[in-house]
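> Return atomic coordinates for the entry below.
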Amino acid sequence: MSSKLEVQKKCEWCNKIFIAKTMTTRYCSHRCNSQSYKHSKREERKRKFKVSAIDYKTMQEIEQKAEKYEEIKNKDYLTVSETAILLSVGRTTIYRYLHKGLLLAFQTKGKTFIRRKDIDALFENPEPYKARPLNRVCLLNPNQAHSFICDPSG
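Residues are numbered from 1 along each chain as shown. Predicted structure coming up:
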């Protein structure tokens with residue numbers, strides 16, 4: 001419902017002063033109204049994404065691992081997959097530990113079992129942490145083909 005009143009207002013989008021024909025007008029033009037609407041919808045999607053950063057599939061995986069942990073936490077003998085869940089590493093890491101001799105295992109035809117005591121022993125007398133050496137900077141030696149000059153200082 002328009003009136004004969006001319007109300008001076010400030011556009012909520014572009015901050016220009018304009019003459020409004022009604023008391024509820026918020027924008028100076030259709031363009032400002034559309035841009036404000038699109039901006040608010042974008043912000044709403046961003047907020048929704050932040051809230052649902054952990055999607056349903058991820059939540060299910062967390063719940064499954066929690067349930068699996070409850071099943072295996074009191075077992076004396078664990079499979080490679082169960083050991084991986086217990087130590088929060090991948091199965092290939094457990095096999096690497098087995099190949100290096102860090103863990104001992106009993107193999108049957110289709111299963112590999114690891115004693116819980118052996119897993120606990122990993123943490124009783126751990127080796128001191130050794131930092132990896134820094135990468136060295138190597139440059140192509142112009143005097144000889146396919147040779148490099150390396151600076152050990154990095």
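> As a check, name the ranges of all helices in the chain.
Per DSSP state H, the chain carries helices over the ranges 30-51, 56-72, 80-87, 91-100, 116-124.
> tell me the angle of the last one relative to helix 91-100?
Same thing as helix 116-124. Interaxial angle, helix 116-124 versus helix 91-100 (axes from the mean of the first three to the mean of the last three Cα atoms, to 10 degrees): 80 degrees.
> Give me the residues contacting helix 116-124.
For helix 116-124, the external contacting residues (Cβ atoms under 8 Å, 6 or more residues apart in numbering) are K75, D76, Y77, L78, T83, L86, L87, L102, L103, L104, A105. The way it works is simple: take the backbone N, C-alpha and C, and place the C-beta from them, glycine included.
> what about the nearest residue to the first one once chain neighbours are set aside, how many neighbours?
Pointing back at K75 there. Closest residue in space to K75, ignoring its immediate chain neighbours: R116 at 6.6 Å, by Cβ to Cβ, 6 or more residues apart in numbering. Other residues within reach of R116 by the criterion other Cβ atoms under 10 Å amount to 17.
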